[in-house]
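Trainee: Could you look at this predicted model? Sequence included:
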Amino acid sequence: MDADIAVVRSYFLDFQSEIVKTLEHLDGGATFSMERIETPNGGFSQPRVLVNGKILEKAAVQFTYSLGKRLPPAASATRPHLSGKSFAATAISTIVHPCNPNIPTTHLNLRMFVVDADPKVWYFGGGFDLTPYLPYEEDFVEWHKFARQACTTDEQYKVLKNQCDEYFFLPHRDECRGIGGLFFDDYVSGGFDKSFQFVVDVGKNFLDGYSSIVQRRRNTEWSLEEEDWMLVRRGRYAEFNLAIDRGTKYGIQSGRRIESVLASLPPRAKWVYGHEIPHDSPQERLMTYLNPGIDWLNLVDNSVNIEES
């Protein structure tokens, strides 16, 4: 099949509904809002947001279909020759901020661009990652098993896992945002059909993997100290999204609705001057995992030992 953005757009809309249904079921109380916002040139967005749930403090599942005359620089960082050309794009993004620090924050983005070049250029991008607050190593290993399952080979998983570690890194903090997952851009491997199927597989394994963790941790009690730590870590999350993330920059550069662009931010966060982590604490242990290069599927000599957990 030739690259068909309409097919991808239809899948993203269906997948948005599936994610919303799954998260509402996991929360067991709150429901998502529903909006459809048209743009004058024929595009539209469909932001859906849940707030103040039993399990989920905030979740945003957003669909966009956009048409533009000039591809923003943030969307063509690896292909600068395409910058400024007309384009069509469709994307789905998900962000979940739980109430319970035993449950990680998570993020998914899947997107397709078609650029009006000669010849026409298309490519996929996206990925998912996990931002935990407490060190449940078995959750991290399982998460990466789902990430591997989304890939066709061990080598593909390793490459995309390393790209995720590199992308979700805060250089001013010298730490990763979380324990990673997958990240890919300019993806055209095997042609449209195989590339599209890979995107579908990434979405499925994201949802299955996160659902499993939420079900396991949803009834675990937490302390005020642990919640306070979660808010400090959310501050790091906000720093990444506002200062580093290409998706946020793309949304601003392309003139997207700012409410939607910033919907990924946590509802609460804090910054503590001179914050110190207690020695020999779960928080200190978590920080040893927020480094690139940990091989979660083969934990040997990675400064991480599941057997001692």
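Mentor: Nice, I can see it. Residues are numbered from 1 along each chain as shown.
Trainee: make it CA atoms for all contacts and neighbour counts henceforth
Mentor: Will do.
Trainee: all helices for the chain, in order.
Mentor: 5-27, 137-150, 154-167, 191-217, 224-243, 246-253, 258-261, 282-289 (DSSP state H).
Trainee: Quick check: which ranges of this structure have low pLDDT?
Mentor: Flagging of the chain using pLDDT under 70 yields the residue ranges 1, 74-78, 300-309.
Trainee: at 50 what do you get?
Mentor: Within the chain, the stretches with pLDDT under 50 are 301-309.
Trainee: Which strand residues bridge the most centrally placed residue in the chain?
Mentor: Residue closest to the average C-alpha location in the chain (C-alpha atoms, centre = their mean): His107, at 2.5 Å. With DSSP bridges applied, His107 shows beta-bridge pairing to Ile95, Asp129.
Trainee: Looks like it contacts His97 (just checking).
Mentor: No - the criterion here is C-alpha atoms under 8 Å, and His107 misses it with His97 at 9.2 Å.
Trainee: Distance of Arg177 relative to Ala60?
Mentor: 19 Å (C-alpha to C-alpha, to the nearest Å).
Trainee: which one of these two has more residues nearby?
Mentor: Arg177 (26 against 23; other C-alpha atoms under 10 Å).
Trainee: How much space separates that one from Cys164?
Mentor: The gap separating Arg177 from Cys164 is 10 Å, by C-alpha to C-alpha.
Trainee: hey, what's in contact with both of those two?
Mentor: Common neighbours of Arg177 and Cys164 are not found (criterion: C-alpha atoms under 8 Å, 6 or more residues apart in numbering).
Trainee: number of nearby residues for His279?
Mentor: Using other C-alpha under 10 Å, His279 has 9 other residues around it.
Trainee: can you check Arg217 too?
Mentor: Residues contacting Arg217 under the criterion other C-alpha under 10 Å number 16.
Trainee: For it, give me its contacts.
Mentor: Residues near Arg217 by C-alpha under 8 Å, 6+ apart: 102-103.
Trainee: now stretch 115-135, how far from the centre of its chain.
Mentor: 9 Å (C-alpha atoms, centre = their mean, to the nearest Å).
Trainee: Please spell out which residues along that stretch are buried.
Mentor: Neighbour-count burial for stretch 115-135, counted by 16 or more other C-alpha atoms under 10 Å, picks out 115-116, 122-135.
Trainee: I'd like to know which of those residues is nearest to Tyr11.
Mentor: Of all these, the one sitting nearest Tyr11 is Phe124; the distance, using C-alpha to C-alpha, is 13.6 Å.
Trainee: I'd assumed Asn109 was in contact with that closest one.
Mentor: No - counting by C-alpha under 8 Å, Phe124 does not reach Asn109; the two are 10.6 Å apart.
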